[in-house]
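J.: Turn this into a model:
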Amino acid sequence: MIELIGNWTKGFALDYHMQNSIFLGYSEQGHPQFESKRSMIGEWLFQLKYRNQTQNAKLLADCIIHNFSGLETIDVIVPAPFTQERINQPVPLIAQALSNSLNIPYHPILRKSNNHTALKNIQDKAQKLAILKNSITIDDIDLSSRKILLLDDLFDSGATLEVSTEKLFTQHAKHVFTITLTKTKG
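T.: Below you'll find the predicted structure:
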C-alpha cells in the first residue's frame, strides 16, 4: 500500500499502476511507444476499463476489503466523478461491488462536466485544480457527521480527489477517506 497525502482524512493506493515502462521509440504518426508491464491490480483495472472485463470489479473490490481493516465503520461509499462516458464505468462498478460486499450505502453524488480540456494533457496541478473546481459538482445531500469512502481508480496528481474531498466537506462530511486502486510513479 502507498499512503496518499492530501486534504482528505487518510488516503491510500493499493499499488503502483506500472511495474516498469520502456521507451521503444516513436510510431509513424510521431506518438511515443512503450513496452509496459502493469502491476496485477493495474492489469485488472486496465482490463475492466478498456476491455470491459466487468468481473474484475468484484476482484478489485475484494482486494480493497482484504487490504483495509475498519471499512465497516464507513457510512457511505462515493465513487470519484468520471469525465469520459463508457459502457461500463470502472469506478462506479467497483464502488457498487464494494457496497454490496460490505452492506454500506453507495451514493454516486459527484459529477464532472466534460466541457473542459482533457486533464491528462495538463501537467500543472494548479491548472488542473482550477479547471476541476469549476467542473466537479455535488448533489445537494446532507453528509453531517458521516464518514465517507471516496474511491477512484488512478492517483496521478491527486487533483480530482482534492476537489472531490472539498465538495464532500462542504456537505458537512465528518471524515473523507480515499482509496485508489493504483498510483502513477510520478
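J.: Any idea how many residues pack against Gln96?
T.: 18 (other Cβ atoms under 10 Å). Every C-beta, even on glycine, is put in place using the N, C-alpha and C of the backbone.
J.: what does the helix or strand harbouring it contact?
T.: Using DSSP states H and E, Gln96 falls within helix 90-102. Helix 90-102 has contacts (Cβ atoms under 8 Å, 6 or more residues apart in numbering) with 45, 48-49, 54, 57-58, 60-62, 64-65, 71-72, 74, 77-80, 82, 104-106, 108, 149, 151-153, 181.
J.: Would you mark the buried spots in that helix?
T.: By neighbour count on 16 or more other Cβ atoms under 10 Å, the buried set for helix 90-102 is 90-99, 102.
J.: re earlier: in helices, which of the contacts of helix 90-102 fall?
T.: Using DSSP state H, the subset of the contacts of helix 90-102 located in helices is 45, 48-49, 57-58, 60-62, 64-65.
J.: so what pLDDT did Gly158 get?
T.: Note on Gly158: pLDDT of 92.
J.: picking up where we left off before, quick check, nearest of the buried residues of helix 90-102 to Lys125?
T.: Among the buried residues of helix 90-102, Val91 lies closest to Lys125 (Cβ to Cβ), at 20.7 Å.
J.: pLDDT averaged over whichever helix or strand comes after the helix holding Gln96 - what is it?
T.: For helix 90-102, the succeeding helix or strand toward the C-terminus, using DSSP H and E, is strand 110-112. For strand 110-112, mean pLDDT rounds to 93.
J.: buried residues in whichever helix or strand comes after strand 110-112?
T.: Once strand 110-112 ends, the next helix or strand along the chain (criterion: DSSP H and E) is helix 125-135. Of the residues in helix 125-135, 128-129, 131-132, 135 count as buried by neighbour count, 16+ other Cβ under 10 Å.
J.: try stretch 26-40
T.: 38-39.
J.: For that stretch, give me every contacting residue.
T.: For stretch 26-40, contacts defined as Cβ under 8 Å, 6+ apart pick out 15-25, 46, 182.
J.: where does this structure dip in pLDDT?
T.: Counting by pLDDT under 70, the chain shows low-confidence ranges at 115-118, 186.
J.: So for it, the centremost residue is which one?
T.: Nearest to the mean C-alpha position of the chain, counting by Cα atoms, centre = their mean, stands Asp152 at 1.3 Å.
J.: so what's the closest residue in space to that residue that isn't next to it in sequence up against?
T.: Once flanking residues are discounted, Asp152 sits nearest to Ala80: 3.8 Å by Cβ to Cβ, 6 or more residues apart in numbering. The neighbours of Ala80, taking Cβ under 8 Å, 6+ apart as the test, are 91, 110, 150-153, 160-161, 164.
J.: Return the member of those nearest to Gly6.
T.: Comparing those against Gly6 with Cβ to Cβ places Leu161 closest, at 6.1 Å.
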